[in-house]
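Participant: With the input below, show me the fold.
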Amino acid sequence: MNKGRKLAEVVEKPWKRKEIRLFLTGASIYTFSVLTIVLIEVLQGNSKAIDSMLPAIAVIPAVITPSLVPRKCHIYEKGIQIGYSFVKCDKVSEYEWEDGLLKIKFKGIPRKIVIEDKEGKIKKIVEIYTNRAI
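Facilitator: Presented below is the predicted three-dimensional model:
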């Protein structure tokens, strides 16, 4: 795949405190629910409940850990590589700037990618490749 020339390498902006609190609250509710169900089943004498709930319990750290680690984004002439996925520029459905953060929404990806632009380098790249000043 021809990605074009590499223009920049940035780290996706980590979550804000409010987002982290919401995520951890949801994860805590899920964990509490699973453990409550297991406890009720064990108290009722169903010892196989732990075996059946083990996959649900194992999912908790597998979901939380990668979500809190910021990913590297490589910006190329023809798109952006986020983790192992390369998304072409024509898949960008919208983007916006807010307090030095570039928020990009792609078609088929449910969440926005947020990139912090400390030096203004990303803003210049966007201006050049979209042919308009921001």
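Participant: what packs against the longest helix along the chain?
Facilitator: The longest helix of the chain (DSSP state H) is helix 17-43. Based on contacts counted as 3 or more CB pairs under 8 Å, 6 or more residues apart in numbering; DSSP states H and E, the elements that helix 17-43 packs against are helix 49-68. For the C-beta atoms, the positions are set from N, CA and C on the backbone; glycine is no exception.
Participant: So in the protein, where's the weakest helix or strand by average pLDDT?
Facilitator: Ranking every helix and strand in the chain by mean pLDDT, DSSP states H and E puts helix 49-68 at the bottom, with a mean of 69.
Participant: After that one, which helix or strand is next? Please name it.
Facilitator: For helix 49-68, the following helix or strand on the C-terminal side (DSSP states H and E) is strand 72-76.
Participant: Return the list of strands paired to the helix or strand following that following strand, each annotated with direction.
Facilitator: Using DSSP H and E, the helix or strand that follows strand 72-76 towards the C-terminus is strand 79-82. If you go by DSSP bridges, strand 79-82 pairs up with strand 72-76 (antiparallel), strand 85-88 (antiparallel).
Participant: and residue 11, what are its bridge partners?
Facilitator: residue 72.
Participant: Distance of it relative to residue 35?
Facilitator: Residue 11 sits 34 Å away from residue 35, going by CB to CB, to the nearest Å.
Participant: out of the two, which sits in the more crowded spot?
Facilitator: Remark: of residue 11 and residue 35, residue 35 carries more neighbours, 14 against 11, as counted by other CB atoms under 10 Å.
Participant: any idea how far the more buried one lies from residue 119?
Facilitator: Distance, residue 35 to residue 119, by CB to CB: 46 Å.
Participant: And the longest helix of the chain, what's buried?
Facilitator: By neighbour count on 16 or more other CB atoms under 10 Å, the buried set for helix 17-43 is 31, 34, 38, 41.
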